[in-house]
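Asker: no sequence for this one, just the structure:
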(Lines give C-alpha, C1' and ligand atoms only; values in the text may rest on other atoms or scores of the structure.)
Protein backbone atom coordinates (compact mmCIF):
# COMPACT_ATOMS: atom_id res chain seq x y z
CA UNK A 1 0.00 0.00 0.00
CA UNK A 2 1.31 3.40 -0.80
CA UNK A 3 1.81 5.88 1.98
CA UNK A 4 0.38 8.73 -0.05
CA UNK A 5 -1.84 8.26 -3.06
CA UNK A 6 -3.20 10.94 -5.34
CA UNK A 7 -5.93 9.44 -7.46
CA UNK A 8 -6.97 11.44 -10.54
CA UNK A 9 -6.64 14.69 -8.70
CA UNK A 10 -7.63 17.97 -10.32
CA UNK A 11 -7.57 21.46 -8.90
CA UNK A 12 -8.80 24.66 -10.48
CA UNK A 13 -8.19 28.14 -9.18
CA UNK A 14 -10.31 31.11 -10.13
CA UNK A 15 -7.86 33.74 -11.25
CA UNK A 16 -8.80 37.19 -12.49
CA UNK A 17 -8.11 36.07 -16.05
CA UNK A 18 -10.45 33.12 -15.67
CA UNK A 19 -10.23 29.59 -14.31
CA UNK A 20 -6.73 28.21 -14.03
CA UNK A 21 -6.23 24.46 -14.16
CA UNK A 22 -3.40 23.97 -11.69
CA UNK A 23 -3.56 20.20 -11.45
CA UNK A 24 -5.03 18.05 -14.19
CA UNK A 25 -5.81 14.41 -13.43
CA UNK A 26 -2.66 13.79 -11.46
CA UNK A 27 -2.16 10.25 -10.26
CA UNK A 28 0.80 9.66 -8.02
CA UNK A 29 1.80 7.01 -5.55
CA UNK A 30 4.42 7.60 -2.88
CA UNK A 31 5.86 4.70 -0.91
CA UNK A 32 6.71 4.79 2.76
CA UNK A 33 10.22 6.12 3.33
CA UNK A 34 10.38 7.75 -0.06
CA UNK A 35 12.26 11.01 -0.46
CA UNK A 36 10.28 12.42 -3.33
CA UNK A 37 11.39 15.64 -4.98
CA UNK A 38 8.91 17.51 -7.12
CA UNK A 39 10.55 19.83 -9.57
CA UNK A 40 8.96 22.49 -11.70
CA UNK A 41 8.90 26.10 -12.80
CA UNK A 42 7.10 28.61 -10.63
CA UNK A 43 3.36 28.38 -11.01
CA UNK A 44 3.33 24.77 -12.21
CA UNK A 45 1.19 23.57 -9.32
CA UNK A 46 3.83 21.82 -7.26
CA UNK A 47 2.99 23.76 -4.12
CA UNK A 48 -0.69 23.05 -4.67
CA UNK A 49 0.06 19.36 -4.81
CA UNK A 50 1.83 19.65 -1.46
CA UNK A 51 -1.04 21.64 0.06
CA UNK A 52 -3.49 18.94 -1.03
CA UNK A 53 -1.50 16.28 0.80
CA UNK A 54 -1.22 18.63 3.79
CA UNK A 55 -4.98 19.07 3.79
CA UNK A 56 -4.68 22.85 3.52
CA UNK A 57 -6.59 22.69 0.24
CA UNK A 58 -9.17 20.28 -1.09
CA UNK A 59 -9.14 18.79 -4.61
CA UNK A 60 -11.96 19.66 -7.01
CA UNK A 61 -11.77 16.17 -8.43
CA UNK A 62 -10.29 12.89 -7.35
CA UNK A 63 -9.05 11.89 -3.92
CA UNK A 64 -5.92 12.23 -1.83
CA UNK A 65 -5.28 9.24 0.40
CA UNK A 66 -2.77 9.05 3.23
CA UNK A 67 -2.35 5.61 4.80
CA UNK A 68 -5.39 4.60 2.78
CA UNK A 69 -7.58 7.26 4.40
CA UNK A 70 -9.03 10.23 2.61
CA UNK A 71 -7.46 13.56 3.57
CA UNK A 72 -10.10 15.91 4.99
CA UNK A 73 -7.87 18.50 6.61
CA UNK A 74 -4.48 19.04 8.20
CA UNK A 75 -3.31 16.41 10.64
CA UNK A 76 -0.35 15.82 12.96
CA UNK A 77 0.84 12.95 10.73
CA UNK A 78 1.64 15.45 7.96
CA UNK A 79 3.57 18.58 8.79
CA UNK A 80 4.51 21.28 6.30
CA UNK A 81 7.72 23.24 6.29
CA UNK A 82 7.22 26.44 4.31
CA UNK A 83 9.65 28.43 2.17
CA UNK A 84 9.60 31.22 4.68
CA UNK A 85 10.09 29.86 8.19
CA UNK A 86 6.60 29.81 9.68
CA UNK A 87 7.60 30.87 13.17
CA UNK A 88 5.57 33.01 15.54
CA UNK A 89 7.30 36.23 16.65
CA UNK A 90 5.53 36.26 20.03
CA UNK A 91 7.20 32.98 20.98
CA UNK A 92 10.90 32.33 21.40
CA UNK A 93 12.71 29.55 19.56
CA UNK A 94 12.01 26.73 22.00
CA UNK A 95 8.38 27.78 22.45
CA UNK A 96 7.97 27.75 18.68
CA UNK A 97 9.35 24.22 18.50
CA UNK A 98 7.02 23.15 21.30
CA UNK A 99 3.93 24.84 19.79
CA UNK A 100 2.54 21.78 18.02
CA UNK A 101 2.99 19.69 21.16
CA UNK A 102 1.18 22.33 23.19
CA UNK A 103 -1.74 22.16 20.76
CA UNK A 104 -1.69 18.38 21.13
CA UNK A 105 -2.06 18.79 24.89
CA UNK A 106 1.41 17.60 25.93
CA UNK A 107 2.42 18.84 29.39
CA UNK A 108 4.71 21.85 29.58
CA UNK A 109 7.66 19.99 31.11
CA UNK A 110 7.50 17.20 28.59
CA UNK A 111 7.10 19.44 25.56
CA UNK A 112 9.97 21.73 26.56
CA UNK A 113 12.22 18.72 27.09
CA UNK A 114 11.31 17.37 23.69
CA UNK A 115 11.79 20.80 22.09
CA UNK A 116 15.25 21.14 23.64
CA UNK A 117 16.21 17.73 22.25
CA UNK A 118 15.10 18.81 18.81
CA UNK A 119 16.97 22.11 19.04
CA UNK A 120 20.04 20.05 19.86
CA UNK A 121 19.38 17.93 16.79
CA UNK A 122 19.39 21.03 14.59
CA UNK A 123 22.40 22.43 16.49
CA UNK A 124 20.67 25.43 18.04
CA UNK A 125 20.81 24.60 21.74
CA UNK A 126 22.31 27.99 22.57
CA UNK A 127 19.45 29.88 20.94
CA UNK A 128 16.48 28.35 22.74
CA UNK A 129 15.49 31.65 24.36
CA UNK A 130 16.13 33.84 21.31
CA UNK A 131 13.32 35.75 19.67
CA UNK A 132 12.75 34.91 16.03
CA UNK A 133 13.91 38.26 14.66
CA UNK A 134 17.25 37.69 16.36
CA UNK A 135 17.95 34.57 14.28
CA UNK A 136 19.46 34.38 10.81
CA UNK A 137 17.53 32.92 7.88
CA UNK A 138 19.29 29.57 8.18
CA UNK A 139 18.73 29.40 11.92
CA UNK A 140 15.05 30.17 11.42
CA UNK A 141 14.68 27.30 8.97
CA UNK A 142 16.42 25.04 11.47
CA UNK A 143 13.94 26.06 14.16
CA UNK A 144 11.11 25.49 11.67
CA UNK A 145 12.51 22.03 10.93
CA UNK A 146 12.66 21.24 14.63
CA UNK A 147 9.07 22.52 15.01
CA UNK A 148 7.95 20.28 12.16
CA UNK A 149 9.71 17.26 13.67
CA UNK A 150 8.25 17.91 17.14
CA UNK A 151 4.95 16.28 16.25
CA UNK A 152 6.90 13.28 14.96
CA UNK A 153 4.96 13.24 11.68
CA UNK A 154 5.14 10.23 9.40
CA UNK A 155 5.19 12.53 6.42
CA UNK A 156 7.24 15.69 6.10
CA UNK A 157 6.06 18.12 3.44
CA UNK A 158 8.68 20.65 2.43
CA UNK A 159 7.74 23.60 0.22
CA UNK A 160 11.00 25.06 -1.13
CA UNK A 161 12.29 25.34 2.42
CA UNK A 162 15.84 26.25 1.50
CA UNK A 163 15.16 28.53 -1.48
CA UNK A 164 15.88 31.74 0.40
CA UNK A 165 19.13 30.56 2.01
CA UNK A 166 22.72 31.11 0.97
CA UNK A 167 24.54 28.18 -0.68
CA UNK A 168 26.65 27.29 2.35
CA UNK A 169 23.73 27.14 4.75
CA UNK A 170 21.74 25.19 2.21
CA UNK A 171 24.50 22.58 1.91
CA UNK A 172 24.50 22.14 5.68
CA UNK A 173 20.75 21.78 5.83
CA UNK A 174 20.86 19.22 3.00
CA UNK A 175 23.16 17.11 5.14
CA UNK A 176 20.92 17.54 8.18
CA UNK A 177 17.65 16.72 6.45
CA UNK A 178 19.27 13.72 4.79
CA UNK A 179 20.52 12.32 8.09
CA UNK A 180 17.13 12.91 9.74
CA UNK A 181 15.48 11.07 6.86
CA UNK A 182 17.97 8.18 7.16
CA UNK A 183 17.56 7.90 10.91
CA UNK A 184 13.78 8.21 11.13
CA UNK A 185 12.65 6.69 7.84
CA UNK A 186 10.06 9.41 7.37
CA UNK A 187 8.37 9.90 4.05
CA UNK A 188 9.40 13.25 2.61
CA UNK A 189 7.82 15.19 -0.20
CA UNK A 190 10.15 17.99 -1.14
CA UNK A 191 9.12 20.70 -3.60
CA UNK A 192 11.82 22.76 -5.27
CA UNK A 193 12.70 24.60 -8.45
CA UNK A 194 16.39 23.83 -7.98
CA UNK A 195 17.33 20.87 -10.21
CA UNK A 196 20.54 19.94 -8.44
CA UNK A 197 18.90 20.16 -5.03
CA UNK A 198 16.26 17.71 -6.21
CA UNK A 199 18.84 15.25 -7.54
CA UNK A 200 20.98 15.73 -4.42
CA UNK A 201 18.17 14.77 -2.04
CA UNK A 202 15.60 12.63 -3.81
CA UNK A 203 15.15 8.93 -4.22
CA UNK A 204 12.80 9.98 -6.99
CA UNK A 205 12.51 13.23 -8.88
CA UNK A 206 9.27 14.19 -10.58
CA UNK A 207 9.06 16.85 -13.22
CA UNK A 208 5.89 18.91 -13.37
CA UNK A 209 5.04 20.68 -16.56
CA UNK A 210 3.83 24.24 -16.30
CA UNK A 211 0.30 25.12 -17.42
CA UNK A 212 -0.64 21.49 -18.05
CA UNK A 213 -0.82 20.66 -14.39
CA UNK A 214 0.53 17.16 -14.70
CA UNK A 215 3.62 15.15 -13.99
CA UNK A 216 5.52 14.83 -17.23
CA UNK A 217 8.55 12.78 -16.28
CA UNK A 218 9.97 10.75 -13.49
CA UNK A 219 13.61 10.03 -12.70
CA UNK A 220 14.67 7.39 -10.18
CA UNK A 221 17.91 8.56 -8.56
CA UNK A 222 20.02 5.57 -7.69
CA UNK A 223 23.19 7.40 -6.73
CA UNK A 224 24.74 6.37 -3.41
CA UNK A 225 23.75 8.51 -0.42
CA UNK A 226 25.64 11.43 1.11
CA UNK A 227 25.87 12.94 -2.32
CA UNK A 228 27.53 16.25 -3.01
CA UNK A 229 26.14 18.90 -5.30
CA UNK A 230 29.42 18.75 -7.27
CA UNK A 231 29.50 14.96 -7.79
CA UNK A 232 30.10 14.20 -11.46
CA UNK A 233 27.24 11.69 -11.66
CA UNK A 234 24.88 14.03 -9.88
CA UNK A 235 25.74 16.89 -12.19
CA UNK A 236 25.31 14.62 -15.22
CA UNK A 237 21.81 13.54 -14.16
CA UNK A 238 20.93 17.08 -13.18
CA UNK A 239 21.89 18.36 -16.59
CA UNK A 240 19.61 15.81 -18.27
CA UNK A 241 16.75 16.79 -15.96
CA UNK A 242 17.50 20.42 -16.56
CA UNK A 243 17.33 20.03 -20.34
CA UNK A 244 13.97 18.28 -20.03
CA UNK A 245 12.68 20.99 -17.74
CA UNK A 246 13.88 23.65 -20.14
CA UNK A 247 12.12 21.87 -23.00
CA UNK A 248 8.91 21.71 -20.97
CA UNK A 249 9.08 25.40 -20.23
CA UNK A 250 9.72 26.25 -23.88
CA UNK A 251 6.94 23.99 -25.07
CA UNK A 252 4.43 25.65 -22.77
CA UNK A 253 5.83 29.04 -23.65
CA UNK A 254 5.47 30.43 -20.15
CA UNK A 255 7.34 30.81 -16.96
CA UNK A 256 11.00 30.77 -16.13
CA UNK A 257 13.00 28.26 -14.19
CA UNK B 1 37.16 46.93 22.08
CA UNK B 2 36.39 48.03 25.62
CA UNK B 3 37.57 51.49 24.78
CA UNK B 4 35.19 51.61 21.84
CA UNK B 5 32.33 50.44 24.02
CA UNK B 6 33.05 53.12 26.59
CA UNK B 7 33.21 55.75 23.89
CA UNK B 8 29.86 54.55 22.57
CA UNK B 9 28.28 54.77 25.99
CA UNK B 10 29.72 58.23 26.45
CA UNK B 11 28.35 59.34 23.09
CA UNK B 12 24.87 58.05 23.76
CA UNK B 13 24.89 59.73 27.18
CA UNK B 14 25.93 62.96 25.51
CA UNK B 15 23.12 62.64 22.98
CA UNK B 16 20.64 62.05 25.81
CA UNK B 17 21.89 65.12 27.69
CA UNK B 18 21.63 67.23 24.55
CA UNK B 19 18.10 66.05 23.90
CA UNK B 20 16.84 66.61 27.42
CA UNK B 21 18.82 69.84 27.71
CA UNK B 22 17.13 71.26 24.64
CA UNK B 23 13.79 70.25 26.07
CA UNK B 24 14.41 71.91 29.43
CA UNK B 25 15.55 75.14 27.76
CA UNK B 26 12.50 75.14 25.45
CA UNK B 27 10.05 74.85 28.32
CA UNK B 28 11.96 77.36 30.46
CA UNK B 29 11.74 79.90 27.63
CA UNK B 30 8.04 79.13 27.19
CA UNK B 31 7.47 79.68 30.92
CA UNK B 32 9.44 82.92 30.76
CA UNK B 33 7.35 84.22 27.84
CA UNK B 34 4.21 83.29 29.71
CA UNK B 35 5.40 85.12 32.83
CA UNK B 36 6.41 88.19 30.78
CA UNK B 37 3.06 88.29 28.99
CA UNK B 38 1.25 87.99 32.31
CA UNK B 39 3.30 90.74 33.96
CA UNK B 40 2.96 93.03 30.93
CA UNK B 41 -0.66 93.38 31.96
CA UNK B 42 -2.29 93.25 28.50
CA UNK B 43 -5.11 91.20 29.93
CA UNK B 44 -6.79 91.08 33.29
CA UNK B 45 -5.41 88.55 35.77
CA UNK B 46 -8.86 86.98 35.76
CA UNK B 47 -8.43 86.04 32.10
CA UNK B 48 -4.72 85.33 31.90
CA UNK B 49 -3.16 83.99 35.10
CA UNK B 50 0.57 84.10 35.67
CA UNK B 51 2.52 80.84 36.14
CA UNK B 52 2.99 81.69 39.80
CA UNK B 53 -0.79 81.86 40.33
CA UNK B 54 -1.33 78.58 38.54
CA UNK B 55 1.27 76.93 40.70
CA UNK B 56 -0.32 78.37 43.84
CA UNK B 57 -3.74 77.16 42.73
CA UNK B 58 -2.32 73.74 41.94
CA UNK B 59 -0.73 73.44 45.37
CA UNK B 60 -3.85 74.74 47.06
CA UNK B 61 -6.09 72.24 45.27
CA UNK B 62 -3.78 69.38 46.20
CA UNK B 63 -3.47 70.61 49.78
CA UNK B 64 -7.22 70.81 50.36
CA UNK B 65 -7.71 67.42 48.70
CA UNK B 66 -10.06 68.68 45.99
CA UNK B 67 -7.70 67.88 43.11
CA UNK B 68 -6.83 64.30 44.20
CA UNK B 69 -10.54 63.72 44.67
CA UNK B 70 -11.33 64.99 41.18
CA UNK B 71 -8.49 62.94 39.69
CA UNK B 72 -9.69 59.83 41.50
CA UNK B 73 -13.30 60.33 40.36
CA UNK B 74 -12.28 60.80 36.72
CA UNK B 75 -9.78 57.93 36.66
CA UNK B 76 -12.32 55.59 38.21
CA UNK B 77 -14.91 56.42 35.56
CA UNK B 78 -12.29 56.06 32.88
CA UNK B 79 -11.07 52.68 34.12
CA UNK B 80 -14.58 51.27 34.38
CA UNK B 81 -15.58 52.54 30.94
CA UNK B 82 -12.31 51.54 29.34
CA UNK B 83 -12.38 48.03 30.83
CA UNK B 84 -15.87 47.52 29.44
CA UNK B 85 -14.60 48.76 26.06
CA UNK B 86 -11.73 46.26 26.10
CA UNK B 87 -14.05 43.41 27.08
CA UNK B 88 -16.42 44.22 24.21
CA UNK B 89 -13.95 45.55 21.66
CA UNK B 90 -11.29 42.85 21.59
CA UNK B 91 -13.55 39.80 21.09
CA UNK B 92 -15.73 41.67 18.59
CA UNK B 93 -12.68 42.86 16.67
CA UNK B 94 -11.28 39.33 16.54
CA UNK B 95 -14.58 37.97 15.22
CA UNK B 96 -15.02 40.79 12.69
CA UNK B 97 -11.54 40.16 11.35
CA UNK B 98 -12.25 36.48 10.74
CA UNK B 99 -15.91 36.35 9.73
CA UNK B 100 -16.70 38.18 6.49
CA UNK B 101 -20.46 38.27 6.96
CA UNK B 102 -20.10 39.89 10.37
CA UNK B 103 -17.63 42.42 8.98
CA UNK B 104 -19.94 43.35 6.10
CA UNK B 105 -22.86 43.97 8.44
CA UNK B 106 -21.77 44.86 11.96
CA UNK B 107 -18.42 46.16 10.70
CA UNK B 108 -20.16 48.77 8.56
CA UNK B 109 -22.27 49.87 11.51
CA UNK B 110 -19.18 50.22 13.69
CA UNK B 111 -17.46 52.23 10.97
CA UNK B 112 -20.46 54.54 10.81
CA UNK B 113 -20.67 54.99 14.58
CA UNK B 114 -16.93 55.67 14.66
CA UNK B 115 -17.66 58.83 12.66
CA UNK B 116 -19.92 60.08 15.45
CA UNK B 117 -18.10 61.99 18.20
CA UNK B 118 -19.01 60.02 21.29
CA UNK B 119 -20.19 63.06 23.23
CA UNK B 120 -23.16 63.11 20.85
CA UNK B 121 -24.43 60.08 22.78
CA UNK B 122 -24.75 62.24 25.90
CA UNK B 123 -28.37 63.38 25.33
CA UNK B 124 -29.52 59.81 24.76
CA UNK B 125 -27.41 58.52 27.64
CA UNK B 126 -28.98 61.03 30.00
CA UNK B 127 -32.46 59.98 28.86
CA UNK B 128 -31.64 56.30 29.28
CA UNK B 129 -29.56 56.32 32.43
CA UNK B 130 -30.40 59.67 33.99
CA UNK B 131 -27.76 62.06 35.26
CA UNK B 132 -25.63 59.30 36.64
CA UNK B 133 -22.23 57.62 36.55
CA UNK B 134 -23.69 55.12 34.11
CA UNK B 135 -24.45 57.74 31.49
CA UNK B 136 -20.90 59.08 31.62
CA UNK B 137 -19.44 55.61 31.42
CA UNK B 138 -21.69 54.91 28.48
CA UNK B 139 -20.21 57.89 26.64
CA UNK B 140 -16.70 56.67 27.49
CA UNK B 141 -17.46 53.20 26.16
CA UNK B 142 -18.95 54.59 22.96
CA UNK B 143 -15.83 56.70 22.53
CA UNK B 144 -13.33 53.89 22.98
CA UNK B 145 -15.04 50.76 21.74
CA UNK B 146 -15.44 51.62 18.05
CA UNK B 147 -11.79 52.54 17.60
CA UNK B 148 -10.79 49.37 19.45
CA UNK B 149 -13.01 47.09 17.39
CA UNK B 150 -11.75 48.55 14.12
CA UNK B 151 -8.08 48.42 15.12
CA UNK B 152 -8.30 44.81 16.28
CA UNK B 153 -10.25 43.86 13.16
CA UNK B 154 -7.60 45.40 10.90
CA UNK B 155 -4.88 43.71 12.93
CA UNK B 156 -6.52 40.32 12.46
CA UNK B 157 -7.02 40.93 8.74
CA UNK B 158 -3.34 41.75 8.36
CA UNK B 159 -2.06 38.61 10.07
CA UNK B 160 0.29 36.96 7.55
CA UNK B 161 -1.43 34.04 5.81
CA UNK B 162 1.61 31.97 6.64
CA UNK B 163 0.81 32.10 10.38
CA UNK B 164 -2.73 30.88 9.75
CA UNK B 165 -1.57 28.03 7.52
CA UNK B 166 1.17 27.05 9.95
CA UNK B 167 -1.25 27.11 12.86
CA UNK B 168 -3.65 24.79 11.01
CA UNK B 169 -0.81 22.38 10.21
CA UNK B 170 0.28 22.37 13.86
CA UNK B 171 -3.20 21.67 15.12
CA UNK B 172 -4.28 25.12 16.32
CA UNK B 173 -7.85 25.08 15.03
CA UNK B 174 -11.12 26.45 16.42
CA UNK B 175 -10.81 28.29 19.74
CA UNK B 176 -7.17 27.24 20.04
CA UNK B 177 -6.45 29.12 16.84
CA UNK B 178 -8.03 32.27 18.30
CA UNK B 179 -6.32 32.04 21.67
CA UNK B 180 -2.86 30.86 20.64
CA UNK B 181 -2.41 32.38 17.18
CA UNK B 182 -4.90 35.03 16.11
CA UNK B 183 -4.93 36.94 19.40
CA UNK B 184 -1.15 37.03 19.94
CA UNK B 185 -0.50 37.66 16.24
CA UNK B 186 -2.70 40.74 16.36
CA UNK B 187 -1.10 42.07 19.56
CA UNK B 188 0.76 44.95 17.88
CA UNK B 189 -2.44 46.15 16.22
CA UNK B 190 -4.37 45.51 19.40
CA UNK B 191 -2.01 47.73 21.32
CA UNK B 192 -2.36 50.50 18.74
CA UNK B 193 -6.13 50.14 19.08
CA UNK B 194 -5.96 50.12 22.87
CA UNK B 195 -3.91 53.31 22.79
CA UNK B 196 -6.28 54.99 20.37
CA UNK B 197 -9.25 53.78 22.41
CA UNK B 198 -7.70 55.15 25.57
CA UNK B 199 -7.23 58.61 24.11
CA UNK B 200 -10.78 58.62 22.73
CA UNK B 201 -12.09 57.50 26.12
CA UNK B 202 -10.14 60.23 27.89
CA UNK B 203 -11.51 62.91 25.55
CA UNK B 204 -15.04 61.56 25.78
CA UNK B 205 -14.89 61.55 29.56
CA UNK B 206 -13.66 65.13 29.78
CA UNK B 207 -16.44 66.26 27.43
CA UNK B 208 -19.03 64.37 29.44
CA UNK B 209 -17.78 65.80 32.71
CA UNK B 210 -17.90 69.31 31.31
CA UNK B 211 -21.57 68.83 30.55
CA UNK B 212 -22.62 66.85 33.58
CA UNK B 213 -21.16 68.51 36.61
CA UNK B 214 -20.28 66.25 39.49
CA UNK B 215 -16.89 65.37 40.94
CA UNK B 216 -14.18 65.02 38.32
CA UNK B 217 -11.56 66.93 36.36
CA UNK B 218 -13.98 68.15 33.71
CA UNK B 219 -16.28 69.45 36.44
CA UNK B 220 -13.35 71.16 38.14
CA UNK B 221 -12.71 72.98 34.88
CA UNK B 222 -16.31 74.17 34.75
CA UNK B 223 -16.20 75.16 38.40
CA UNK B 224 -13.11 77.27 37.68
CA UNK B 225 -14.97 79.01 34.90
CA UNK B 226 -17.98 79.74 37.08
CA UNK B 227 -15.80 81.09 39.90
CA UNK B 228 -13.72 83.11 37.41
CA UNK B 229 -10.72 81.21 38.77
CA UNK B 230 -8.61 80.92 35.61
CA UNK B 231 -5.61 79.78 37.64
CA UNK B 232 -7.61 76.72 38.69
CA UNK B 233 -8.70 76.11 35.09
CA UNK B 234 -5.13 76.16 33.82
CA UNK B 235 -3.95 74.07 36.77
CA UNK B 236 -6.59 71.45 35.98
CA UNK B 237 -5.61 71.47 32.31
CA UNK B 238 -2.03 70.78 33.37
CA UNK B 239 -3.15 67.85 35.50
CA UNK B 240 -5.15 66.44 32.56
CA UNK B 241 -2.09 66.72 30.30
CA UNK B 242 0.16 65.05 32.86
CA UNK B 243 -2.22 62.13 33.36
CA UNK B 244 -2.44 61.67 29.58
CA UNK B 245 1.32 61.74 29.17
CA UNK B 246 1.97 59.41 32.09
CA UNK B 247 -0.38 56.69 30.84
CA UNK B 248 1.02 57.03 27.35
CA UNK B 249 4.63 56.73 28.49
CA UNK B 250 4.35 54.34 31.42
CA UNK B 251 1.55 51.98 30.42
CA UNK B 252 1.57 51.97 26.63
CA UNK B 253 5.26 52.76 26.29
CA UNK B 254 6.19 49.74 28.40
CA UNK B 255 3.86 47.44 26.48
CA UNK B 256 5.19 48.71 23.16
CA UNK B 257 8.75 48.09 24.24
CA UNK B 258 8.02 44.51 25.19
CA UNK B 259 6.34 43.92 21.82
CA UNK B 260 9.25 45.49 19.97
CA UNK B 261 11.68 43.26 21.84
CA UNK B 262 9.83 40.16 20.64
CA UNK B 263 8.78 41.19 17.17
CA UNK B 264 11.87 43.19 16.32
CA UNK B 265 11.49 46.86 15.49
CA UNK B 266 9.56 46.21 12.29
CA UNK B 267 6.35 44.94 13.85
CA UNK B 268 3.69 44.84 11.15
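Answerer: That came in fine, so what should we check first? Quick caveat: nothing in here was measured; it's all calculated off a predicted structure. Numbering: from 1, shown residues only, chains lettered A, B, ... in the order given.
Asker: which ones are touching the residue of the stretch 1-150 of chain B found nearest chain A?
Answerer: Nearest residue of the stretch 1-150 of chain B to chain A, counting by C-beta to the nearest C-beta: residue B:94, 15.3 Å away. Placement of C-beta: from N, CA and C, glycine included. When contacts are counted by C-beta atoms under 8 Å, 6 or more residues apart in numbering or on different chains, residue B:94 touches B:152-153, B:156, B:178, B:182-183, B:186.
Asker: any idea which helix or strand carries it?
Answerer: Assessed by DSSP states H and E, residue B:94 sits inside helix B:66-98.
Asker: can you mark which positions in that helix are buried?
Answerer: Applying a neighbour-count criterion of 16 or more other C-beta atoms under 10 Å in any protein chain shown, the buried positions in helix B:66-98 are B:67, B:70-71, B:73-75, B:77-78, B:80-82, B:84-86, B:89-90, B:92-98.
Asker: what does stretch A:203-212 give?
Answerer: A:203-212.
Asker: and that stretch, how far apart are its ends?
Answerer: Stretch A:203-212 has an end-to-end distance of 24 Å (C-alpha to C-alpha, to the nearest Å).
Asker: excluding covalently adjacent residues, which one is nearest to residue B:256?
Answerer: residue B:191 (6.3 Å; C-beta to C-beta, 6 or more residues apart in numbering or on different chains).
Asker: just the pLDDT at the closest residue to chain B within the stretch 151-257 of chain A, thanks.
Answerer: Across the stretch 151-257 of chain A, no residue is closer to chain B than residue A:151, which sits at 7.1 Å (C-beta to the nearest C-beta). At residue A:151, the pLDDT value in this model is 92.
Asker: ok now the host helix or strand of residue B:27, how far from the chain's centre?
Answerer: Using DSSP H and E, residue B:27 sits within helix B:2-40. Its chain's C-alpha centre and that of helix B:2-40 lie 26 Å apart, by C-alpha atoms, centre = their mean, to the nearest Å.
Asker: any idea how far the nearest residue to residue B:184 once chain neighbours are set aside is from residue B:158?
Answerer: Excluding its sequence neighbours, the residue lying closest to residue B:184 (C-beta to C-beta, 6+ apart) is residue A:90, at 4.3 Å. Going from residue A:90 to residue B:158 by C-beta to C-beta, to the nearest Å gives 15 Å.
Asker: residue B:75 too?
Answerer: Taken as C-beta to C-beta, the span from residue B:75 to residue B:158 is 33 Å.
Asker: I figured residue B:67 hits residue B:58, correct?
Answerer: Yes: counting by C-beta atoms under 8 Å, residue B:67 touches residue B:58, with 7.4 Å between them.
Asker: overlap in contacts, these two.
Answerer: Counting by C-beta under 8 Å, 6+ apart, the residues touching both residue B:67 and residue B:58 are B:235, B:239.
Asker: quick one: buried residues of the strand or helix carrying residue A:114?
Answerer: Per DSSP H and E, residue A:114 falls inside helix A:108-121. Neighbour counts over helix A:108-121 (16+ other C-beta under 10 Å) mark A:111-112, A:114-116, A:118-119, A:121 as buried.
Asker: how far does stretch A:173-193 sit from the chain's center?
Answerer: Worked out by C-alpha atoms, centre = their mean, stretch A:173-193 lies 9 Å from the chain centre.
Asker: same question for stretch B:59-72.
Answerer: Counting by C-alpha atoms, centre = their mean, stretch B:59-72 comes out at 22 Å from the chain centroid.
Asker: what does stretch A:210-218 give?
Answerer: Using C-alpha atoms, centre = their mean, the offset of stretch A:210-218 from its chain centre is 18 Å.
Asker: show residues contacting it.
Answerer: For stretch A:210-218, contacts defined as C-beta under 8 Å, 6+ apart pick out A:10-11, A:21-26, A:28, A:40-41, A:43-45, A:204-209, A:244, A:248-249, A:252, A:254-255.
Asker: which of these fall in helices?
Answerer: In this view, these that belong to helices under DSSP state H are A:244, A:248-249, A:252.
Asker: tell me the contacts of residue B:48?
Answerer: Counted by C-beta under 8 Å, 6+ apart, residue B:48 has contacts B:37-38, B:42, B:230.
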